[in-house]
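K.L.:
Give me a model of this one.
(one chain, ligands or ions: 1)
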Amino acid sequence: MGSMPPQATTNFPKVLTSQALRKVPWLIHGFSTRQGGFSRRYGGGALNLGFTRDDSSAAVGRNRQVFLETLGALRGKRLWPLVTLRQIHSDLIHCIASPPPQPLTGDGLITSTPGILLAVQAADCLPVILVDLERRAVGAVHAGWRGTAKRIVAKAVGELQRRFECEPRHLKAAIGPGIHACCYQVGAEVRESFESQFSYASDLFREAPASDSVRERAMLFLRARPPGPSNMPNRLFLDLVEANRRQMVDAGIRPKNILASELCTACNRHLLFSYRAEKAVTGRMFGAVGIREAAASSTGT
Ligand SMILES: [Zn+2]
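P.N.:
Numbering: from 1, shown residues only. Predicted coordinates:
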């Protein structure tokens, strides 16, 4: 059992932003953390933004409200419409011109319409925000290993080109917190999937000697093999950030325009939700982006 994360002292959401995107006056963006919410689960005072099994929907609704307020996703005192997805680890990307009447299924959202907040949910998978400075178009992508193997970020770049004539060299990308290569142990099938897709797949994986855990020793004992390092298969770790960075560079985004959070979700449980580190009992964070509406006059209604 690990220690529980400390209880948040205030109900003010802690939101991470990308330095490069903060300077863009017409943009709203942010990556939520677990801190500063109203959920009683997940350590209390948690900013869970996903409708999970363990949390109350009222708490999630309140958390979403304060998150939007913190970002400034407001028209007067009314919150912007929030567009989220029923995420399925796919490569499906939706272009949003107005809030859909029914929740959409997929893992990517793009828009050029001001006054709508696009959000993807994650707790280890990577939230990726794309911004076209010239065309004023934005996107939000949910990229776990399956979506990454299906090239979802490259496809999002392609959709921005197709729908809004975005040029990749004008795009900026921000990769939010997710599980990093230090902690993201995967099975051989994941490497096989990447090797069949990407010429650079070998750069994305790191091998480490098997841990000497009780469970693994017990498995060896059951297989009636003498325990020893030579008999243990190496553990395999995937660098999901690098996988998505390479994909975006191949899609034409300039390397200097791709920024990634240094925070690993599994290493920073006090600040972030981690599906793996918390054994699936955890909340969800948002990677969110939207376009500000033209400034209304101060006396306008
Ligand atoms: Zn880590």
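K.L.:
how about the residues of the stretch 201-301 of the chain near the ion?
P.N.:
Applying CB under 5 Å from the ion, we find that the stretch 201-301 of the chain lies next to the ion at 264, 266-267. In this view, the C-beta of every residue, glycine as well, is placed from N, C-alpha and C.
K.L.:
Kindly reformat those residues as JSON lines containing secondary structure and distance to Asn63.
P.N.:
Formatted as JSON lines, the entries for these read as follows, by DSSP: H, G, I helix; E, B strand; the rest coil; distance: CB to CB, whole Å:
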{"residue": "Cys264", "secondary structure": "strand", "distance to Asn63": "23"}
{"residue": "Ala266", "secondary structure": "coil", "distance to Asn63": "22"}
{"residue": "Cys267", "secondary structure": "coil", "distance to Asn63": "23"}
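K.L.:
out of these, who's nearest Ala243?
P.N.:
Cys264 (14.9 Å; CB to CB).
K.L.:
what number of residues lie near the closest one?
P.N.:
Neighbouring residues of Cys264 were enumerated by other CB atoms under 10 Å; the total is 21.
K.L.:
cool, and Gly76?
P.N.:
If you count neighbours by other CB under 10 Å, Gly76 ends up with 8.
K.L.:
That one and Ser196, how far apart?
P.N.:
Distance, Gly76 to Ser196, using CB to CB, to the nearest Å: 52 Å.
K.L.:
Look at the residue of the stretch 1-150 of the chain found nearest the ion and tell me its secondary structure.
P.N.:
Of the residues in the stretch 1-150 of the chain, the one nearest the ion is Asp124, at a distance of 9.9 Å by CB to the ion. For Asp124, the secondary structure call by DSSP: H, G, I helix; E, B strand; the rest coil comes out as coil.
K.L.:
Grab the nearest non-local neighbour of it.
P.N.:
Using CB to CB, 6 or more residues apart in numbering and skipping the chain neighbours, the partner closest in space to Asp124 is Ile179 (4.1 Å).
K.L.:
Then Pro233?
P.N.:
Ala210 (6.2 Å).
K.L.:
What about the one you found, how many residues nearby?
P.N.:
15.
K.L.:
Now do the SS call for it.
P.N.:
Secondary structure assignment for Ala210 (three-state DSSP): coil.
K.L.:
Quick check, it in contact with Arg235.
P.N.:
Yes. With the criterion set as CB atoms under 8 Å, Ala210 and Arg235 qualify as a contacting pair; they are 5.7 Å apart.
K.L.:
okay, which residue is most central for this structure?
P.N.:
Geometric centre of the chain, nearest residue: Pro127, 2.0 Å, by CA atoms, centre = their mean.
K.L.:
just checking, that residue is part of a helix?
P.N.:
No. Going by three-state DSSP, the assignment for Pro127 is strand, not a helix.
K.L.:
which stretches of the stretch 51-200 of the chain form helices?
P.N.:
Per DSSP state H, counting those that start in this stretch, the stretch 51-200 of the chain carries helices over the ranges 57-71, 145-149, 152-164, 188-195.
K.L.:
Let me see the mean pLDDT of the shortest one.
P.N.:
For helix 145-149, the mean per-residue pLDDT is 98.
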